[in-house]
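Chemist: need the 3D shape of this:
(3 chains)
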Amino acid sequence: MLAYILRRLITIPFLLLGVASVSFLLSQMTKGDPLAALVPERMMSNPEVVAAVKAEWGLDQPLPVRYVVYLGKLVQGDLGTSFTTRRPVATDIAERLPATLELVVAAMIIGTVMGLALGLLSARFRGSVIDSVARIFALIGSSLPIFWSGLILLYLLSVRISLVPGTGRLPPRVDPPPHTTGFYTVDALIAGDVGLFVQALTHLALPAFVLGWAVTGVITRLVRSSLIEGLSMDYARTARAKGAAERRVLVGHALPNAMIPLLTILGFTFAYLITGAVLTEAIFAWPGIGSYAVRAAASLDYPAIGGVTIVGSIAFLLANLLTDIAYAWANPRIKVH
Amino acid sequence: MTAPLLEMTDLRIEFTDADGNRAEALRGVDLSVDSGEVLGIVGESGSGKSIAMMAFLQLLPRGARVTGSAKFRGEELIGMSSARIRKIRGKAIGCIFQDPLSAFNPVLRLGDQIAEAILLHDRSMSRRTALKEVERLFELVAIPQPAKRIRQYPHEFSGGMRQRAMIAMALANRPELVIADEPTTALDVTVQAQILDLLGDLRKELGIGLVMITHDLGVVAGIADRIAVMYGGRIVERGPTDPLFYNTAHPYTAGLIGAVPTLDGTGALRQIEGTPPSIFNRPPGCSFAPRCTVAQPVCHQTDPALRVTGATDSACHFPLTTVTPEVAE
Amino acid sequence: MTDASQPAAQIAPRRTPGPIARTMRRLPLTAKIGAAILLMWLITVVTVQLWPLADPLQMVGRRLQPPSMDHWLGTDALGRDVFSRTLHGAVWSIPIAIVVVACAVAIGSFLGAISGFFGGWWDTIIMRLVDVTVAFPPILLAMAVAAMLGPGLANASIAMVIVWWPIYARLMRAQVLEVREREHVEAAVAGGAPPLRVLRVHVLPLCWTPTLINATMDFGQVVLLAASLSFIGLGATPPSPEWGSMISEGATRFYNWWIAFGPGMAILTVVLATSFLGDGLRDLFDRRSQ
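Modeler: Numbers count the residues shown, from 1 in each chain, chains lettered A, B, ... in the order given. I've put the predicted structure just below:
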């Protein structure tokens, strides 16, 4: 198992290099002038700024040198300066990353719990109305444009019936809890402020549900088919021969076996979640890197877009690595080898 | 006279596959097993030997229609409610399956899987006590280091040890009847012998009834009190073990015995030509007729009934024990 | 695994009774419904100009009117008819998705086939390129490419092709690797046929089934991504009635929910329909190949 994880670890730097190279090439293609990716249009007329940036990024040097400069800065965590916030992109991202992680983790929990529940229901009552309803509910979640379902639910649940608060992570003019993890819900609990925790949680609930619903479809489908496959396996027959009821066979025997494919797919759903987070944050004014990316894209803030892309890819690769490790850990048959 | 432990009368199973084709997998089987008795059921795959046993435990896949009667201690099992039959499965009747690697759940510890068999029938027992009981069972089936073994997963056991664990599970609730479906097929020859010895010893020690299902007459020769030979969804011959071997009535049984290699090398190794009939396309007469070396025209037209033919019962127009077959028109 | 050859081999030559009609008949009900919905949208795309609808680009009523008999889905901030705009939106969204999927299939399958058939350096280079491309979260890569190339539907489409081609490269490579080992291919190679001809005549015709099923499934996802890019402001630009940009207009007018309702439902029906159809096709061919 260790060798397996090491083998996966070795590929990561190469993939990161590939990601960085692609990002570099993209920045060189911007408007046909690499300078456009580093200097805001309104600053272009300022020769001092242009000269300084050119020197800093080696723009008067040939392409390979610029590439090395770019990589060197990347290794030091320098992603350039945002056109819109005029701050280092790395600082902006570091500040906003916890918000996105909190959203994604909450959505992952909701999506997994709903997917497991719906998958269990539809496998237990397969062929019945319950099965159809559960599957269609799950399928609709992954077929809806998330920026639309978020909008409609926000309108229905927040504007019409005030079940949940509006957008953002906290009500306006409420101070966030002292920074420990960056997750407002967790930080509020650490600070012992239950009121603040409830506020953070209610703000988190709807965006996390919308995002979680989007991955429920994939998870439900997988859980359902693994469970049904499990019920037809020899070990299920053995369990029945022991006197286990069908529900017990499902939960006690088919479900533990379904956890392994579930773990594999969680890495895959992470791609979905990042995509969804970008759009969810835009709708819910969630101050994470997703809304940052959307604003950067809309205002053609190239350094910010490039920075988010690289950070997103690193997160993506790490999530896949974690999935592989979890998979190896959960599968007792791999443990030995 | 007390009722037999298990008694099947005219048991029939009909399957309907996804395309709506119907097939009779079992065509009227009569069998009985008494307490403490060992019955061997022998036949090729597709003969219906396993399916008959799975039928009364209601372990058949959906789409199987079971008719006839199967009584356990005089109580009818066919059509019994699933809640009631669950109390019998694993409690009064233990099962040993063919391939213990796939028959055990790969992601659960073996100790827990066997403890489950106990806990399902005794809600008041704690998991710890059940695991202690599993250790004791492991000792009974001669698995070394039981305390360590109960914490391991199925893939960490060798084939023979897994089969021992399977036997331990079947015995967990002191059943009156154990059904062993090809218990030694997946094992090496030397391990096969050990498992057979273990089964023989255990059933003498515990006085349980045992049904041994196998395709290999040699496996049951040494352990069974009586043997039923199945072919094409029917019993073609049944009787006490010795007469079945030495006064064989049915040509198919004779063929099977011919296929048993003898140690002294005198018996020439013969094989039955041809393949068993498909259950979707059965010939009209005796199902063995197409492969039978002594078949007559009548064999291809009427299916013979199972009747007393010498020391055993057999379903053959021209049993080998009576006369040499006359040539019919 | 050898059995997998049979369905593909059977389907290929069976032209006369209409393989599409035959496949359609064997599909489950949900897949038929999906196919019907997609067909209706395709008809809409072709004929919507002829329908008696309000002009999607002109002010035809008062601003921000809720749904009524005159305007079934209300009017937007510029007094345009949302129902008409939604149907006209199909003319943007659906052809774009078709073009993107077609290009991704063409490029991906071509590179995948070369990678699988020739192996060696070709394989290494193409597959490492695939690995790097899929190391990006799809939407971020699409956003980055679209932003660097400049906003607009054409550039957004290029970005989506870049995101999608690796899937088809991997699919086709896996298929080619399997088919390459079959006897008729080895016989053709042994008979001295030039490699490209072997690939074209003996290998590729047997490799398309998974690609086509996947393309059906992906169609809806491409519609979704295209709408997402437009929503962000990197795809279609106003005033074109593209679904994503319509929802984006609706997002700023929270209380006028109907502006976003029509385009959202349109996307939902397309994506659900492709899921239904794709699932049905996959089940049908998976079961046959078993």
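Chemist: beyond the longest helix along chain C, next helix or strand please.
Modeler: The longest helix of chain C (DSSP state H) is helix C:82-118. Where DSSP states H and E defines the elements, the next helix or strand beyond helix C:82-118 is helix C:120-134.
Chemist: give me the residue at the spatial middle of the chain.
Modeler: Answering for chain A, as no chain was given. In chain A, the centroid-proximal residue (CA atoms, centre = their mean) is A:I274; its distance is 3.4 Å.
Chemist: wait, I meant chain B there
Modeler: B:I213 (2.3 Å).
Chemist: part of a strand, is it?
Modeler: Yes: counting by DSSP: H, G, I helix; E, B strand; the rest coil, B:I213 is part of a strand.
Chemist: that one and chain C, how far apart?
Modeler: Here B:I213 is placed at a distance of 28 Å from chain C (CB to the nearest CB, to the nearest Å). All C-beta spots, glycine's among them, are computed from the backbone N, C-alpha and C.
Chemist: from the chain's centre, how far out does stretch A:231-242 sit?
Modeler: 38 Å (CA atoms, centre = their mean, to the nearest Å).
Chemist: who's in contact with A:P176?
Modeler: By CB atoms under 8 Å, 6 or more residues apart in numbering or on different chains, the contact set of A:P176 is A:R169, A:L170, A:Y184, A:D187.
Chemist: distance to B:H250 and secondary structure for those - can I get that in CSV?
Modeler: Converted to CSV, those look like this (distance: CB to CB, whole Å; DSSP: H, G, I helix; E, B strand; the rest coil):
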residue, distance to B:H250, secondary structure
A:R169, 82, coil
A:L170, 85, coil
A:Y184, 81, helix
A:D187, 82, helix
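Chemist: filter the residues you listed by proximity to chain B?
Modeler: By CB under 8 Å from any CB of the partner chain, no member of the contacts of A:P176 lies near chain B.
Chemist: pLDDT score assigned to the closest residue to A:V105 other than its chain neighbours?
Modeler: Spatial nearest neighbour of A:V105, excluding adjacent residues (CB to CB, 6 or more residues apart in numbering or on different chains): A:F183 at 7.7 Å. What the model reports as pLDDT for A:F183 is 89.
Chemist: same question for B:S287.
Modeler: For B:S287, pLDDT reads 87.
Chemist: looking at this, it is in a helix?
Modeler: No: counting by three-state DSSP, B:S287 falls outside a helix, being coil.
Chemist: distance check, it against A:A107.
Modeler: Per CB to CB, to the nearest Å, B:S287 is found 61 Å from A:A107.
Chemist: mind listing the helices for the stretch 151-290 of chain C?
Modeler: C:153-180, C:183-190, C:195-197, C:208-232, C:243-251, C:258-289 (DSSP state H, counting those that start in this stretch).
Chemist: wait, the residue nearest to the centre of chain A sits on A:L103?
Modeler: No: counting by CB atoms under 8 Å, A:I274 stays clear of A:L103, with 10.6 Å between them.
Chemist: can you tell me the helix or strand for B:M125?
Modeler: Following DSSP H and E, one finds B:M125 outside all helices and strands.
Chemist: mind listing what B:L101 touches?
Modeler: By CB under 8 Å, 6+ apart, the contact list for B:L101 reads B:P154, B:H155, B:G159, B:R162, B:A186.
Chemist: not counting its neighbours along the chain, what's nearest the fourth one?
Modeler: Beyond its immediate neighbours in the sequence, the residue positioned closest to B:R162 (CB to CB, 6+ apart) is B:P100, lying 3.9 Å away.
Chemist: could you tell me the end-to-end distance of stretch A:173-189?
Modeler: Start and end residues of stretch A:173-189 are separated by 20 Å (CA to CA, to the nearest Å).
Chemist: follow-up on the earlier one: nearest to A:Y67 among the contacts of A:P176?
Modeler: A:R169 (38.7 Å; CB to CB).
Chemist: how about that closest one, what does it touch?
Modeler: Neighbour list for A:R169: A:A99, A:P176, A:Y184, A:A200, A:H203, A:L204, A:W286, A:P287 [criterion: CB under 8 Å, 6+ apart].
Chemist: ditto for A:M259
Modeler: A:A330, B:V107.
Chemist: ok, residues contacting the helix ranked longest in chain B?
Modeler: Determined from DSSP H, the single longest helix within chain B is helix B:189-206. By CB under 8 Å, 6+ apart, the list of residues contacting helix B:189-206 from outside reads B:36, B:38, B:140-142, B:159-160, B:163-164, B:167, B:171, B:174, B:178, B:180, B:183-184, B:187, B:208-210, B:212, B:219, B:222-223.
Chemist: do that again at 6 Å, thanks
Modeler: Outside helix B:189-206, the residues within contact range by CB atoms under 6 Å, 6 or more residues apart in numbering or on different chains are B:G160, B:Q163, B:T184, B:L210, B:I223.
Chemist: chain center to it, what's the gap?
Modeler: Helix B:189-206 has its average C-alpha position 16 Å from the chain's average C-alpha position, going by CA atoms, centre = their mean.
Chemist: so which bits of it are buried?
Modeler: Residues of helix B:189-206 classed as buried: B:V191, B:Q192, B:Q194, B:I195, B:L196, B:L198, B:L199, B:L202, B:R203 (neighbour count, 16 or more other CB atoms under 10 Å in any protein chain shown).
Chemist: wait, isn't the residue nearest to A:V105 in contact with A:L101?
Modeler: No: counting by CB atoms under 6 Å, A:L101 is not a contact partner of A:F183; they are 7.2 Å apart.
Chemist: show me which of those two is the more surrounded one.
Modeler: A:F183 (22 against 17; other CB atoms under 10 Å in any protein chain shown).
Chemist: pull out the buried positions in stretch A:20-39.
Modeler: A:20, A:22-24, A:26-28, A:30, A:34, A:36-39.
Chemist: circling back: these two touch, right, the residue nearest to B:R162 and B:G160?
Modeler: No: contact criterion CB under 6 Å: B:P100 and B:G160 do not qualify, at 9.4 Å.
Chemist: ok, back up a step: in strands, which of the contacts of helix B:189-206 fall?
Modeler: Where the contacts of helix B:189-206 overlap with strands, as defined by DSSP state E, the overlap consists of B:L210.
Chemist: tell me the two of the contacts of helix B:189-206 that are most distant?
Modeler: B:G160 and B:L210 (19.0 Å).
Chemist: quick one: the closest residue to C:W51 other than its chain neighbours and C:G262, what's the gap?
Modeler: Spatial nearest neighbour of C:W51, excluding adjacent residues (CB to CB, 6+ apart): C:L87 at 7.3 Å. According to CB to CB, C:L87 stands 9 Å off from C:G262.
Chemist: same question, A:V113
Modeler: Remark: distance between A:V113 and C:G262 (CB to CB) = 33 Å.
Chemist: which one of these two has more residues nearby?
Modeler: Between A:V113 and C:G262, counted using other CB under 10 Å, C:G262 has the larger neighbour count: 27 against 13.
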